[in-house]
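[1] This is the structure alone, sequence omitted:
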């Protein structure tokens, strides 16, 4: 199947962002993509002035995208600012045929910007069983936590999906971390970053295979990239190189318990 990433230029204009996202999804449909991933907070970005404009209902906020997907055989993933009873969440949504078939609220908020000032924290990691495979959802900063990726893998993830707003100064970390998560977990990784905008995000979205090879990488402008992926390859590699089965859970459990106890 064809996997696509819509690398969006996010502006402080919610309506324009949603229309751009719609346009990139249409381009993914033109190349017969089975899945398309959009960046983090593709409706608002981290522009606090846009948060007030977000609809109180998630289906209303995404109505144009849900409508477009009703009769299309494509899975759409990205994160949006979601309003719930007066709180904002950075929520990843998985959309297929006009419905939100799964969502995940970011559990690890970034400490070096204002994210924690505006957003509430999710409390559950999620693997979504989609028509395109089992999707493990991580959002931006969370790619730095191999524990999250491994948990999602042990819950069945075949593809790790990482919508992000990863900035210029640390973009080399992004490129290394996406490949590391793919190698460690023997799965595909779809990393969707945003491009340009006032905060100067450098793009470099990537599709990485289970060997850690970069199948395709975006530049620094708004664009769509795509690559052929095959989930049978995930099964084959995990069978031929059964490294995931060698994890000594009892040993690591004790180590992590000790570490977390000392950090309290």
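    Now that the structure is in, tell me what you want to look at. The model shown is predicted, which means the values in this text are computed figures rather than measured ones.
[2] what ranges of the chain fall below the confidence cut-off?
    Within the chain, the ranges that satisfy pLDDT under 70 run 197-199, 255, 259-264.
[3] Name the single longest helix found in it.
    When the chain is parsed with DSSP state H, its longest helix is helix 14-30.
[4] outside of it, which residues touch it?
    By Cβ atoms under 8 Å, 6 or more residues apart in numbering, the residues outside helix 14-30 that reach it are 4, 6-11, 36, 38, 42-45, 50, 53-54, 64-65, 68-69, 72, 74, 76, 78, 222, 224, 226. Any C-beta I mention is one placed from the backbone N, CA and C, and that applies to glycine too.
[5] Check stretch 67-76 too.
    Contact with stretch 67-76 is made by 22, 25-26, 28-29, 33-36, 38, 65, 93-98, 130-132, 135, as judged by Cβ under 8 Å, 6+ apart.
[6] switch the cut-off to 6 Å
    29, 35, 36, 95, 96, 98, 130, 132 (Cβ atoms under 6 Å, 6 or more residues apart in numbering).
[7] Can you get me a residue count around residue 180?
    By the criterion of other Cβ atoms under 10 Å, residue 180 has 17 neighbours.
[8] how far does the helix or strand where it lies sit from the chain's center?
    According to DSSP states H and E, residue 180 maps onto helix 171-185. Helix 171-185 has its C-alpha centroid displaced from the chain centroid by 14 Å (Cα atoms, centre = their mean, to the nearest Å).
[9] start the count at 214, not 1, going forward
    Got it, the first residue is 214 from now on, which makes the last one we talked about helix 384-398.
[10] So which other helices or strands are in contact with it?
    Judged by 3 or more Cβ pairs under 6 Å, 6 or more residues apart in numbering; DSSP states H and E, the packing partners of helix 384-398 are helix 359-367, strand 401-405, strand 419-421.
[11] Please repeat the previous calculation with a cut-off of 10 Å.
    helix 359-367, strand 372-376, strand 401-405, strand 414-415, strand 419-421, strand 427-430 (3 or more Cβ pairs under 10 Å, 6 or more residues apart in numbering; DSSP states H and E).
[12] For the next helix or strand after the last one, list every residue counted as buried.
    Toward the C-terminal end, the helix or strand that comes next after strand 427-430 (DSSP H and E) is strand 436-441. Taking 16 or more other Cβ atoms under 10 Å as the basis for neighbour counts, the residues of strand 436-441 that come out buried are 436, 437, 438, 439, 440.
[13] and the gap between the residue lying closest to residue 318 once chain neighbours are set aside and residue 312?
    Among residues not flanking residue 318 along the chain, residue 335 sits closest, at 2.9 Å (Cβ to Cβ, 6 or more residues apart in numbering). In this view, residue 335 and residue 312 are 21 Å apart by Cβ to Cβ, to the nearest Å.
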